[in-house]
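Q: Need coordinates for the following:
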Amino acid sequence: MGTLYATAGEAALHEAAIDALANEMHRPVAEIKTHYEREMAQLQEGAKVRDFLSVCATRRTRETLRHTHH
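A: Residues are numbered from 1 along each chain as shown. Down below sits the predicted model:
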């Protein structure tokens, strides 16, 4: 698999989403990034439009981590 992000701007958008989610959930950025990028990879497989992938990946990561014990 290549890079998850098509442009530097897209990478910055996702990094900001990862940072915000880590802050919201009081979890390390590295932990959030691992889960978020896994979700992104799955979502990108069938995505024809990339505009809302950040929203979907954030939601799925939040749900996954809420159901795991910290």
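Q: so where is this structure shaky, pLDDT-wise?
A: In the predicted model, the chain carries pLDDT under 70 at residues 1-2, 69-70.
Q: what number of residues lie near residue 36?
A: Residue 36 has 26 neighbours, counted by other C-beta atoms under 10 Å. Backbone N, C-alpha and C define where each C-beta goes, glycine included.
Q: and it, what does it touch?
A: Contacts here follow C-beta atoms under 8 Å, 6 or more residues apart in numbering; on that basis residue 36 touches 14, 17-18, 21, 57-58, 61.
Q: so how far is the longest helix along the chain from its chain's centroid?
A: Taking residue count as the measure and DSSP state H as the definition, the longest helix of the chain comes out as helix 8-25. Counting by C-alpha atoms, centre = their mean, to the nearest Å, helix 8-25 is centred 7 Å from the centre of its parent chain.
Q: pull the CA atoms of stretch 63-70 into PDB?
A: What follows is the C-alpha trace of stretch 63-70 in PDB, where atoms were taken according to Å, rounded to 0.1, in the frame of the first residue of the first chain:
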ATOM      1  CA  GLU A  63     -16.300   4.200  18.400                       C
ATOM      2  CA  THR A  64     -13.500   1.600  18.300                       C
ATOM      3  CA  LEU A  65     -11.600   3.200  21.200                       C
ATOM      4  CA  ARG A  66     -14.700   3.800  23.300                       C
ATOM      5  CA  HIS A  67     -15.400   0.100  23.200                       C
ATOM      6  CA  THR A  68     -11.900  -0.800  24.300                       C
ATOM      7  CA  HIS A  69     -10.700  -0.700  27.900                       C
ATOM      8  CA  HIS A  70      -8.100   1.900  28.500                       C
END
